[in-house]
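No sequence on hand, only this structure:
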């Protein structure tokens, strides 16, 4: 029997107690037995029910069995404790029932003394024993999924971590009430502080920053909050700002700022925004990485009119279009490799003619290579180079010639660079086999791509390795296979900064085995591989040595996804449809990676002080709620920089609501101690709840203490008719106070002037004051509840004193009858009210007499 099963011992029915006992003892025994048996039945029924559920059969039989286990009242195995010690059982029963809660205590004690049952696996009816290898030997599976055969694997269940912590309310938190304990910053900011970003890329944290496997050199001081500026860009900030401004200005000029279905402004890039439009922003003599990236995008993805519409055959048009694309790629690559090729020529000015020819051919400078060969006295080779790349017959002839040289060991007497030139013309771009041999006739293999950068190694495949009509995808696969296999010395597609050695003194240290391909390589892969998505190519390390530089990845995403519709991010949920789009072409869905990309780029711009540009980037956030949130947070962090010029740009060009800017300015003003300015800005932003809170807690106490009733009315009259939370119980009370303090002296003067005779309206008004003033005095402590604030305490005392004094002069009995319990109504005011009340009652007695 398992540990979690309840062992039920049935008492025998055959024997009754033969010992003499009185009726009271027997009654007590029967009552005790019934209580114990009832509880035992409940426990056993519950256990039987669980066992029956496990075994799949009803529990009626078990219940009947349990009911038969009750023994007779005189069972000798039941010996009451009262009988053992010689106490009257009836008296003991009365004492127990009056002093103790027997059933509850017995159940609690039983739960404490019982061994905890072992958990059992609850199995449903759809479980199977097929192919089971359980260690218990039962053959049960805790998963209803089955595999059809051994050739199909069952996917493991997704890992769902258990939630060990739950968020509690602020009032129940251990940090409540310790917000001002700055001696322990962890206690003071326990519910609000975390490692986070501040304005301009400032990182706020406790202790030292280190990696997961690193260790801090200093002890963590919970009372010290540190501010660290983490650089998000590489290079000089001024240059980075100039580059970003050039691209974003062009982007903005081709983007419509519209309102979505929720009335939130968003940026909608125009279809006119293409790679070629960005290429026009750079001078034609600029051959750096950035313009080369956009020129490559233009060659591969921009819509180009090849004037093939007159060709009726679709396949022919498609083939010609592929050849034209390859021609555009070849033209781009020829320009891109011209700089490293010229650098090699400059470094080897005294090189022989064949070395120069091969270097020129590696950059596809066929004309210059012909001239160099002719100048070296090799006119026949120059004539062969002029036919480059040649047709299949031309290549076959050269390959045959190379094979003859190898078999007859003539290649050992030919210069290595000359053999390279012939190999290129023959279409051999990998390894040229040598004849071997030893001594003078020793001739080894030659790796043609040795010493070349990855773009020229790729160019060897594009220009010489494959036929002219071979698709770009085939060329890319040929190069990709060579460098990934690692057999030859073909260069891997390292980023531009790695080739130049700019990452030696970089602030960011990459793992030794980290391989991030060049963005140019990734763009070619995107064109060649239809299964490749943008998430696989937009790594920041492919564009810059900074892991947080997302300037170019963001622009590529906008061009390829939002404008050209070539490819998208991997996490794009196409099942989500924007509400303002009705046609099938407008189905975009939502991509969290796209929002993260925009947010990362905006952080860079914020660190550079480019607030307008950062807001423009954030306008591309896809969700309305997320867009509002991140833009408001950015404006709040940068509120000190929102001058008139920046504000005009945000409101005029980017259509940002003025209320968002005023809200950010209000937060900054409040942080700077300018409470009244923050109050006015909140009103301008339409945030009446925030303005109302400031007026009640910060401005109204000062106005009350100074007895400035006009200011008090000015503060709160603007809220009348507005949707303000708690208006009737908070802000309206100050207007009622100002009205009462102003009107009660006027009514008193009317009473004096008319010898106590008031008209009906004035009498009704006075009666209303008699009721409302007492209620107002009672709720004042709840309106300003902070007793640690001296201004709040003084304001309540002043308001209570003024209200009681003015009403006491007219209706002292109203205050006495109200029985005000306010702690601020005491001392001299209460004594004065007692005198006034007694005098009023005396006058009434005289009038009655």
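Received it, and whenever you're ready, just let me know what you need. Bear in mind the structure is a predicted one, so any value in this text is a computation, not a measurement. Numbers count the residues shown, from 1 in each chain.

ok, residue 747 - how many residues close by?
19 (other C-beta atoms under 10 Å). All C-beta atoms are positioned from the backbone trio N, CA, C, and that covers glycine.

In contact with it, which residues?
With contact taken as C-beta atoms under 8 Å, 6 or more residues apart in numbering, residue 747 is in contact with 758, 762, 765, 766, 769, 810.

Go again with 7 Å.
762, 766, 810 (C-beta atoms under 7 Å, 6 or more residues apart in numbering).

quick one: it and residue 387, what's the gap?
When distance is defined by C-beta to C-beta, to the nearest Å, residue 747 is 115 Å away from residue 387.

sorry, back to before: what's the closest of the contacts of residue 747 to residue 411?
residue 766 (122.7 Å; C-beta to C-beta).

Now do that closest one, the pLDDT please.
You'll see residue 766 listed with a pLDDT of 84.

helices or strands up against the helix or strand containing it?
If you go by DSSP states H and E, residue 766 is part of helix 760-783. Contacts defined by 3 or more C-beta pairs under 7 Å, 6 or more residues apart in numbering; DSSP states H and E place helix 760-783 against helix 732-753, helix 790-808, helix 812-818.

In CSV: the ones you listed, plus distance to residue 374.
Below are the helices and strands packed on helix 760-783 laid out as CSV (distance: least, C-beta to C-beta, whole Å):
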stretch, distance to residue 374
helix 732-753, 99
helix 790-808, 96
helix 812-818, 117
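
quick one: which of those is nearest residue 243?
Closest among the helices and strands packed on helix 760-783, once you apply C-beta to C-beta, is helix 790-808, at 52.6 Å.

ok and the closest one relative to helix 760-783, angle-wise?
Angle between the axes of helix 790-808 and helix 760-783 is 160 degrees (criterion: axes from the mean of the first three to the mean of the last three C-alpha atoms, to 10 degrees).

Does helix 790-808 pack against any helices or strands, and if so which?
helix 700-705, helix 732-753, helix 760-783, helix 812-818, helix 828-848.

So for that helix, what gets flagged as buried?
Residues of helix 790-808 classed as buried under the neighbour-count rule (16 or more other C-beta atoms under 10 Å) are 791-793, 795-804, 806-808.

which of those residues has the weakest pLDDT?
Scoring those by pLDDT puts residue 808 last, at 72.

so how far is residue 741 from it?
According to C-beta to C-beta, residue 808 and residue 741 sit 13 Å apart.

same thing with residue 556?
Using C-beta to C-beta, residue 556 is found at 68 Å from residue 741.

do residue 802 as well
From residue 802 over to residue 741 (counting by C-beta to C-beta), the distance is 5 Å.

Check residue 645 too.
47 Å.

the more surrounded of these two?
Neighbour totals were compared for residue 645 and residue 741, and residue 741 leads with 19 against 9 (other C-beta under 10 Å).

ok, that one - contacts?
709, 802, 803, 806.

what number of residues lie near the first one?
So the one you mean is residue 709. Residue 709 has 17 nearby residues by other C-beta under 10 Å.

Once you drop chain neighbours, what's closest to it?
residue 738 (4.6 Å; C-beta to C-beta, 6 or more residues apart in numbering).

So which of the helices and strands packed on helix 760-783 is nearest residue 783?
That would be, of the helices and strands packed on helix 760-783 and by C-beta to C-beta, helix 732-753, which comes in at 5.6 Å.

Just want the angle from that closest one to helix 790-808.
30 degrees.

buried residues in helix 732-753?
732-738, 740-741, 744, 747-748, 751.

and if you look at stretch 685-693?
685, 687, 688, 690, 691, 692, 693.

what's in contact with it?
Stretch 685-693 is contacted from outside by 659, 662-663, 666, 679, 682-683, 719, 722-725, 731, using C-beta under 7 Å, 6+ apart.

wait, which of the contacts of residue 747 is closest to residue 463?
Distances from residue 463 to the contacts of residue 747, taken by C-beta to C-beta, are shortest for residue 766, at 103.9 Å.

now that we're looking at the nearest residue to that closest one once chain neighbours are set aside, how far away is residue 704 from it?
Closest residue in space to residue 766, ignoring its immediate chain neighbours: residue 747 at 5.7 Å, by C-beta to C-beta, 6+ apart. The gap separating residue 747 from residue 704 is 21 Å, by C-beta to C-beta.

Show me the shaky parts of the stretch 701-849 of the chain.
756, 812-844, 846-849 (pLDDT under 70).

cool, and the stretch 101-250 of the chain?
Ranges of the stretch 101-250 of the chain meeting pLDDT under 70: 101-168, 170-171, 175-183, 185-197, 211-223.
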